[in-house]
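Generate a structure from the sequence data that follows.
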Amino acid sequence: MFLPKPKQLALLLALIAGSAVYTYSYHTLDANFLWKSLVVLLPVQVGASIYLAYLYWSGKIAGTQPQIKKADDQEPRIKIDP
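Next comes the predicted model:
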């Protein structure tokens, strides 16, 4: 049987509670359609931007400068002395 660790369980409960508060506040928001759609999409866009920045700076996206530098540091360079 799978039992999550206490830290994972606390994170899951915090995520569920945060989602419930966010959903409740969204439904009680008295604004026009444009502002409501912005409120819904903004957290998704911010989360995606943070995730892509993390992938870029950690060198996990192929072809980017950090990934090339990381690959160059890991490959042994063979020097031929004449």
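
quick one: buried residues of the helix or strand bottoming out on mean pLDDT in the chain?
Ranked by mean pLDDT, DSSP states H and E, the weakest helix or strand in the chain is helix 65-74, scoring a mean of 75. For helix 65-74, the neighbour count (16 or more other CB atoms under 10 Å) marks Gln67 as buried. In short, each C-beta sits where N, CA and C put it, glycine included.

Any idea how far it is from the middle of the chain?
22 Å (CA atoms, centre = their mean, to the nearest Å).

now swap in stretch 26-37 and tell me
With CA atoms, centre = their mean, you get 25 Å for stretch 26-37.

What lies in contact with that stretch?
Contacts with stretch 26-37, where a contact means CB atoms under 8 Å, 6 or more residues apart in numbering, come from Val39, Val40.

What ranges in the chain fall below the confidence cut-off?
1-4, 75-82 (pLDDT under 70).

center of it, which residue is that?
Tyr51 (2.9 Å; CA atoms, centre = their mean).

Can you tell me how far that one is from Leu29?
Counting by CB to CB, to the nearest Å, the separation of Tyr51 from Leu29 is 26 Å.

Select the longest helix from the chain.
The residue-count maximum for a helix in the chain (DSSP state H) belongs to helix 33-57.

Going by neighbour count, which residues in that one are buried?
In helix 33-57, counting by 16+ other CB under 10 Å, buried: nothing.

Between helix 65-74 and it, find me the angle.
20 degrees (axes from the mean of the first three to the mean of the last three CA atoms, to 10 degrees).
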